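Colleague: make a model of this:
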Amino acid sequence: MKKDLTKMADLSQAEIFSLLDLAAKLKYERHHGIAHPILAGQSLGMIFQKSSTRTRVSFETGIYQLGGQPLFLSPRDLQIGRGEPLVDTARVLSRYLDGIMIRTFAQQEVEDLAHYCTCPVINGLTDYCHPCQILADLLTVREFKCGGENDFSGLKMCYIGDGNNMANSLIVGGLTVGMSVAIGCPQSHQPHPDVLAFAAQYPGKFCMTDDIFAAAAGADVLFTDVGASMGQEAEALERQKIFTGYQINDKLLEAANPGAMVQHCLPAHRGEEITAEVFEAHANEIFEEAENRLHAQKAVMVQLMAR
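Modeller: Here you go, the predicted structure:
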């Protein structure tokens, strides 16, 4: 039966742990020169309605390392932008490709694509969620805080900033693997209501506040993201005012547990959501997180596309 990855809530704890185990194995093999052409002869179509550095390079490199062939598809390359219904595009591409990754704005586009495609569909990012990034984040936390094992119990994750796609996915992913999750965000920019309803199923494990020091208290890993995401450029100045003070800095880290990690999905705006000093002090963790996009996404492709 075909399986897709449209959002973090698609995955059970056991499925996340299986993906993390596979990602760690693929990472080890990559670092030790062990080839793994598991998807030899298969093609991955990559639809980009939103441009990207990390998503494109990591998926394109990843499918190549797995023995497959990447096919980059921009809006200029597709009839979607000229009026062809997505349902028709989905049914055509399914007959050519073995898998599709889509990075776009509306979550419904991903859901519709997955519904009509007969091949697996992977969400590379929407305004609602970013599941591949969160799998990379969890892999990084596992490496730095869990001794390479799937034991996240007792750890606290804190996210500071906009209640955006990153916040939505971190809440679901963190709670699913057994972490406590705290969100520090303005009341006007909270995570999606569906995600807050999900979090309500974990009493005592989730809190949300506009007091970032309360959110960061006792945290083992702190996350942040830009205040204005792609597509929100017109709101950048207004958002900069709203998110003033929502910053990971040395003072905030004093509220967290000693040795707390810092993560950022990149690109980072030093001096805004994170200080340059904190970013550079935690650069090893942040760029390991960036590398782990490659390994986590390879695991997703193998799990969904391997025959």
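
Colleague: in the stretch 51-200 of the chain, which spans are helices?
Modeller: For the stretch 51-200 of the chain, applying DSSP state H, counting those that start in this stretch gives helices covering 54-65, 86-93, 107-116, 131-145, 165-177, 193-199.

Colleague: and the angle from the longest one to helix 54-65?
Modeller: Direction vectors for helix 131-145 and helix 54-65, defined by axes from the mean of the first three to the mean of the last three CA atoms, to 10 degrees, enclose an angle of 80 degrees.

Colleague: helices or strands up against helix 131-145?
Modeller: Counting contacts by 3 or more CB pairs under 8 Å, 6 or more residues apart in numbering; DSSP states H and E, helix 131-145 packs against helix 13-31, strand 121-125, helix 165-177, strand 221-224, strand 261-264, helix 283-305. For the C-beta atoms, the positions are set from N, CA and C on the backbone; glycine is no exception.

Colleague: centre-most residue in the protein?
Modeller: The centre of the chain sits closest to residue 133, judged by CA atoms, centre = their mean, with a distance of 2.0 Å.

Colleague: which element follows the lowest-mean-pLDDT helix or strand in the chain toward the C-terminus?
Modeller: Between all helices and strands in the chain, the lowest mean by mean pLDDT, DSSP states H and E belongs to helix 236-242, at a mean of 84. Proceeding N to C from helix 236-242, the next assigned helix or strand is helix 250-255, under DSSP states H and E.

Colleague: quick one: contacts of that next one?
Modeller: Where contact means CB atoms under 8 Å, 6 or more residues apart in numbering, the residues beyond helix 250-255 that reach it are 160, 212-213, 216-219, 222, 260, 262, 275, 277-278.

Colleague: how about a cut-off of 10 Å?
Modeller: 158, 160, 184, 212-219, 222, 224, 245-246, 259-260, 262, 274-275, 277-278, 281-282 (CB atoms under 10 Å, 6 or more residues apart in numbering).

Colleague: buried subset of the residues you listed as a ChimeraX selection?
Modeller: With 16 or more other CB atoms under 10 Å as the criterion, this ChimeraX line picks the buried residues out of those:
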select :158,160,184,212,215,216,219,222,224,246,260,262,274,275,278,282
